[in-house]
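J.: sequence and predicted structure below; questions after.
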Amino acid sequence: MTKLIVRMFLKNKNPDTPGGRESYGKLAGIVGIICNLFLSGLKFVLGYLTHSVSITADATNNIADAGSSIITLIGFRLSEKPADEDHPYGHARIEYITGLIISFLVMLIGFEIFKTSVEKIITPEAGDFRWVTAVILVVSIIVKLWLSRFNKSLGKLIKSTALDATAADSRNDCISTLAVLVAAVISHFTGFNLDGYMGVGVAIFILISGIGLIKETVGPLLGQAPSKELYEKIEQKMLSYENVLGVHDLLVHSYGPGSYFASAHVEMDANINVLVCHDIMDKIERDFLKQDNIHLVVHLDPTVLDCEETNELKEVVRQILYDIDPIITFHDFRVVVGDTAKNVLFDIVVPPKYKLSDKDLKHLIKNRVNEAGNGNLYAVIVVDRSYGVLKSEND
């Protein structure tokens with residue numbers, strides 16, 4: 001069904017293009033509005049006829065979902081606006097804001113349903129069960145289950161957190177509607193009115209879901225690191241270029257789905273002409289922008305490969321770091337020779353929550369390096385906490 005709808009209304013548009021991505025988002029929003037308005041109308045009528053607060057609450061939830069779909073429509077429209085003077089990195093993060101608004105609407109509906117359900121428990125009202133109630137609720141479950149899969153499929157296709165949130169909300173609606181149906185059937189056959197209690201259960205479920213959705217949508221707005229797979233993809237592609245020995249200090253910034261800006265250091269043999277290195281770096285930057293839509297800035301780190309003394313000292317430092325902790329890596333290794341002593345300069349990479357502070361770790365390494373050089377070898381160290389920073393392949 002999803003593929004049929006996509007073929008009918010999008011005519012095989014490419015979801016990876018800005019205009020195509022917006023079209024998929026708009027289609028998801030329109031389908032969501034139609035389905036939720038249809039279901040809410042049925043449930044409001046049914047809730048009024050049967051005096052069921054849980055069914056009416058479920059209808060209200062569908063109205064909120066229709067509103068969420070409208071917000072999704074607006075969000076996709078605004079997020080595709082091109083960069084301008086005030087927003088040089090574009091407007092793609094509006095999609096994250098859209099997801100956050102939907103999450104807060106879910107929370108608001110949860111609070112309202114909880115309040116109404118508690119009132120119904122305090123002052124219960126006899127329900128009027130009809131088998132048509134069960135039929136309509138089953139239809140609602142089927143429609144919502146399909147809508148969840150529809151949004152999940154499109155969300156995966158265009159990598160949209162907003163559609164992922166909408167899909168999760170629709171899935172949760174299936175569970176809450178099923179709870180309403182179970183309450184209605186049990187109340188009918190036992191005479192015990194579960195309507196208010198089930199309404200409380202539905203409200204709690206919606207609130208928990210809303211909290212989870214907020215966590216998922218706030219992360220990208222706060223600068224959440226892109227996936228490990230993206231880092232590895234960028235690293236491996238950069239290493240595939242001629243004369244690139246290693247990649248480190250890779251930083252990736254997301255300004256919305258499919259909108260990435262990155263910077264990285266590449267190591268090349270110091271003996272290669274700098275103009276040749278510059279041409280390679282230019283090609284890397286052009287290829288990433290054209291092929292991956294990643295705005296990449298590359299910095300050159302010349303690496304000495306043919307100096308026996310430098311290579312020997314590098315091995316000394318490598319062994320010292322390994323003995324301290326195999327997890328520690330290093331890059332940007334350089335040697336400065338003075339009249340009476342030698343200095344080795346390098347950066348080390350450790351996890352964000354490493355057991356030693358930067359000060360203590362540097363002190364430990366400096367002492368070990370000095371001991372290895374019989375008091376004539378000194379280390380100058382910079383500590384990188386690996387918040388998405390890749391180690392050097394060369395080191």
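T.: Thanks, I have the structure now.

J.: which residues sit in contact with the residue nearest the centre of the chain?
T.: Closest to where the C-alpha atoms of the chain average out (C-alpha atoms, centre = their mean) is Pro220, at 5.8 Å. Contacts for Pro220 (C-beta atoms under 8 Å, 6 or more residues apart in numbering) come out as Arg93, Tyr96, Thr161, Ser254. For the C-beta atoms, the positions are set from N, CA and C on the backbone; glycine is no exception.

J.: is it located within a helix, as I assumed?
T.: Yes: counting by DSSP: H, G, I helix; E, B strand; the rest coil, Pro220 falls inside a helix.

J.: how close does it sit to His278?
T.: Distance from Pro220 to His278, counting by C-beta to C-beta, to the nearest Å: 34 Å.

J.: Glu315 now?
T.: From Glu315 over to His278 (counting by C-beta to C-beta), the distance is 30 Å.

J.: and the residue nearest to the centre of the chain, how far is that from Tyr255?
T.: Pro220 is 10 Å from Tyr255, by C-beta to C-beta.

J.: who touches both of the two?
T.: Contact with both Pro220 and Tyr255 is made by residues Arg93, according to C-beta under 8 Å, 6+ apart.

J.: starting at the chain centroid, how far to the longest helix anywhere in the chain?
T.: Secondary structure of the chain read by DSSP state H shows that its longest helix is helix 18-50. From the chain centre to the centre of helix 18-50 is a distance of 25 Å (C-alpha atoms, centre = their mean, to the nearest Å).

J.: which positions in it come out as buried?
T.: 18, 20-29, 31-33, 35-36, 39-40, 42-44, 46-47, 50 (16 or more other C-beta atoms under 10 Å).

J.: what angle separates the helix or strand following that helix from helix 18-50?
T.: Going down the chain from helix 18-50, the next helix or strand is helix 53-79, by DSSP states H and E. Here the directions of helix 53-79 and helix 18-50 differ by 160 degrees (axes from the mean of the first three to the mean of the last three C-alpha atoms, to 10 degrees).

J.: Ile234 against Phe261, yeah?
T.: No: look at Ile234 against Phe261 with C-beta atoms under 8 Å: they stay out of range, at 11.9 Å.

J.: need the overlap of contacts for the two.
T.: With C-beta under 8 Å, 6+ apart as the test, Ile234 and Phe261 both reach Val252, Ile294, Leu296.
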